[in-house]
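Q: curious how this folds, go ahead:
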Amino acid sequence: MSPPRRLGLALISGYCAYPAGLLGDWIEQFLPLPFSSWTNVLIGTVFGLLVMSAQLQGPSARAPRIIALVASSVLIYTLAVWLAVINFGPLNIGGATAVIASGGLGAALTAAAVVTIARLPSHPRIWLYSVAAGLAGGAVFHLTIDADIRSQALQALVIGSGYAAWQLLVCLALHFGTRSASR
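A: Next comes the predicted model:
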């Protein structure tokens, strides 16, 4: 798949996160999950399907690898949210720093999952790129969730932009961190 298509899918995934979160909150009222939330599951699933699975190359065991990428995306998103909310536990780094750190950790874990499961031929710099992208995306995301916006439609656009920024930056890190892009 071409880089512009992957970036387009990342953009779509980012803007789908807000409605997926609302749907997850609604489902949670009727069917709560003991280990996570439907919001985490739905947002992680959308990212795993649209962004992480787009990194797959070749037809070999495609369906099991897509399932594994989606499952890892859900776990990564759940961990990142949990760490941001509890302020990285005993580190107690708080607020913006916790969100930004979660962005960096989430991006590094995303790169690890894609390199391992999608068998992405990576260059060692993928780790630097993914952490930098995650930290920058985490900073943008923090600004969007911290914005005081009254209109729900505008709030959806602003928060969706935060998700989209993080996802676009991570997608770029995955692209430029591959061996094929380094030639």
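Q: which residues in the protein form helices?
A: Here the chain has its helices, by DSSP state H, at 3-30, 38-47, 62-85, 95-117, 126-145, 152-176.
Q: now the last one, how far from the chain's geometric center?
A: With Cα atoms, centre = their mean, to the nearest Å as the basis, the distance from the averaged C-alpha position of helix 152-176 to the chain average is 9 Å.
Q: burial of Ala63, as a residue count?
A: Ala63: 8 surrounding residues under other Cβ atoms under 10 Å. Placement of C-beta: from N, CA and C, glycine included.
Q: for it, list the residues it contacts.
A: By Cβ atoms under 8 Å, 6 or more residues apart in numbering, the contact list for Ala63 is empty.
Q: next one: Thr45
A: Ala20, Val70, Ser73, Val74.
Q: distance to Ala96 added to these, as CSV?
A: Shown next, in CSV, are the contacts of Thr45 (distance: Cβ to Cβ, whole Å):
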residue, distance to Ala96
Ala20, 24
Val70, 29
Ser73, 24
Val74, 25
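Q: so where's the protein shaky on pLDDT?
A: 87-91, 179-183 (pLDDT under 70).
Q: mind running it again at 90?
A: 1-4, 33-37, 56-62, 80-99, 118-123, 144-160, 162, 178-183 (pLDDT under 90).
Q: about what we covered before: looking at the contacts of Thr45, which two lie furthest apart in space?
A: Ala20 and Val70 (13.2 Å; Cβ to Cβ).
Q: neighbour count for these two, which is higher?
A: Using other Cβ under 10 Å, the more surrounded residue of Ala20 and Val70 is Ala20, with 22 against 19.
Q: quick one, phi psi at Pro121?
A: Dihedral angles of Pro121 (phi, psi; degrees, to the nearest 10) stand at phi -70, psi 100.
Q: one more: the one 3 residues further on?
A: Main-chain dihedrals, Pro124, degrees, to the nearest 10: phi -50, psi -30.
Q: what about it, how many neighbours?
A: Neighbours of Pro124 using other Cβ under 10 Å come to 9.
Q: next: Asp148.
A: For Asp148, using other Cβ under 10 Å, the count is 5.
Q: just give the closest residue to Asn40, not the sequence neighbours.
A: Once flanking residues are discounted, Asn40 sits nearest to Thr78: 4.4 Å by Cβ to Cβ, 6 or more residues apart in numbering.
Q: contacts only, for that neighbour.
A: If you count contacts by Cβ under 8 Å, 6+ apart, then Thr78 has Ser36, Ser37, Asn40, Val41, Gly44 around it.
Q: out of the residues you listed, who's the most crowded?
A: Ranking those using other Cβ under 10 Å puts Gly44 first, with 26 neighbours.
Q: since that was my last question, I'll sign off now.
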